[in-house]
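**Q** Just to be clear, the model below is a prediction. Sequence and coordinates:
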Amino acid sequence: KQEVTQIPAALSVPEGENLVLNCSFTDSAIYNLQWFRQDPGKGLTSLLLIQSSQREQTSGRLNASLDKSSGRSTLYIAASQPGDSATYLCAVTQGAQKLVFGQGTRLTINP
Amino acid sequence: EPEVTQTPSHQVTQMGQEVILRCVPISNHLYFYWYRQILGQKVEFLVSFYNNEISEKSEIFDDQFSVERPDGSNFTLKIRSTKLEDSAMYFCASREDLYQETQYFGPGTRLLVL
């Protein structure tokens, strides 16, 4: 059974710092990996999707990498801003349909 | 920008009552999903739906749950006899087609069963 783990569970950094969020998964037979942002009491916003054949994807200040063989992904956020404060979830697509989620990293950027 | 919408945003019900959660997926999308998130826990897959039938469901999705696409725009999740443990945020998601892999999520319905 696929298990997705995210560390750390919470992270607090001063504004302007670069940071890395980690995600690991136990079964490398995935179709893709998505990173989402979740604001308190809100839905999930897709940030980046990396297909299983890709190594990384970039969108603005965000860069996500995927090492399928070792079951790891990282989300790099450059020059963090207070508006980046949210919970970040990673999820892998299993069986071409369902997403299996990690528990998230709660990120706080301090002005 | 097109988005997934869900109604109601909040619902409070008594244990044993039936509830219907409604979703309007993005208009040209073909794949539809329900997920739930119990407070403080991971988001969990419930069911996927394509071509008017369930394509995959989790062990959570037992006989008390059903899904329906009653018309060309709505996608509903029915819980027949709610239990206390059904209290959660329920998210609908949609995906354009087999080649566009991103799932787009709605804002969720917070269900509280008393």
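**A** Perfect, thanks for sending it. Residues are numbered from 1 along each chain as shown, chains lettered A, B, ... in the order given.

**Q** Run a quick neighbour tally on residue 68.
**A** Unless you meant another one, I'm taking chain A. 19 (other C-beta atoms under 10 Å in any protein chain shown). Backbone N, C-alpha and C define where each C-beta goes, glycine included.

**Q** Wait, chain B was what I had in mind.
**A** By other C-beta under 10 Å, the residues close to B:Glu68 number 13.

**Q** give me the beta-bridge partners of it?
**A** B:Glu68 forms beta bridges with B:Thr76, as assigned by DSSP bridges.

**Q** What is the helix or strand harbouring A:Arg37 packed up against?
**A** Remark: A:Arg37 resides in strand A:32-38, with elements defined by DSSP states H and E. The elements that strand A:32-38 packs onto, with contact taken as 3 or more C-beta pairs under 8 Å, 6 or more residues apart in numbering or on different chains; DSSP states H and E, are strand A:19-25, strand A:44-51, strand A:62-67, strand A:72-77, strand A:86-94.

**Q** what about that strand, average pLDDT?
**A** Averaging pLDDT along strand A:32-38 yields 95.

**Q** do stretch A:89-99 as well
**A** pLDDT averaged over stretch A:89-99 gives 86.

**Q** Walking through chain B, point out its strands one by one.
**A** Under the criterion DSSP state E, strands of chain B are mapped to B:5-7, B:10-13, B:19-24, B:31-37, B:43-50, B:53-57, B:65-68, B:75-79, B:88-95, B:104-105, B:109-113.

**Q** Output those strands in a markdown table; the columns should cover mean pLDDT.
**A** Shown next, in a markdown table, are the strands of chain B (pLDDT from 0 to 100):
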| stretch | mean pLDDT |
| --- | --- |
| strand B:5-7 | 96 |
| strand B:10-13 | 97 |
| strand B:19-24 | 97 |
| strand B:31-37 | 96 |
| strand B:43-50 | 95 |
| strand B:53-57 | 93 |
| strand B:65-68 | 96 |
| strand B:75-79 | 97 |
| strand B:88-95 | 96 |
| strand B:104-105 | 94 |
| strand B:109-113 | 97 |
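
**Q** Give me every residue in chain A lying close to chain B.
**A** Residues of chain A found near chain B (C-beta under 8 Å from any C-beta of the partner chain) are A:4, A:31-32, A:34, A:36, A:41-46, A:49, A:51, A:89, A:91, A:93, A:95-104.

**Q** rewinding a little: strands paired with the strand holding A:Arg37, and their directions?
**A** By DSSP bridges, strand A:32-38 pairs with strand A:44-51 (antiparallel), strand A:86-94 (antiparallel).

**Q** and that strand, how far from the chain's centre?
**A** 5 Å (C-alpha atoms, centre = their mean, to the nearest Å).
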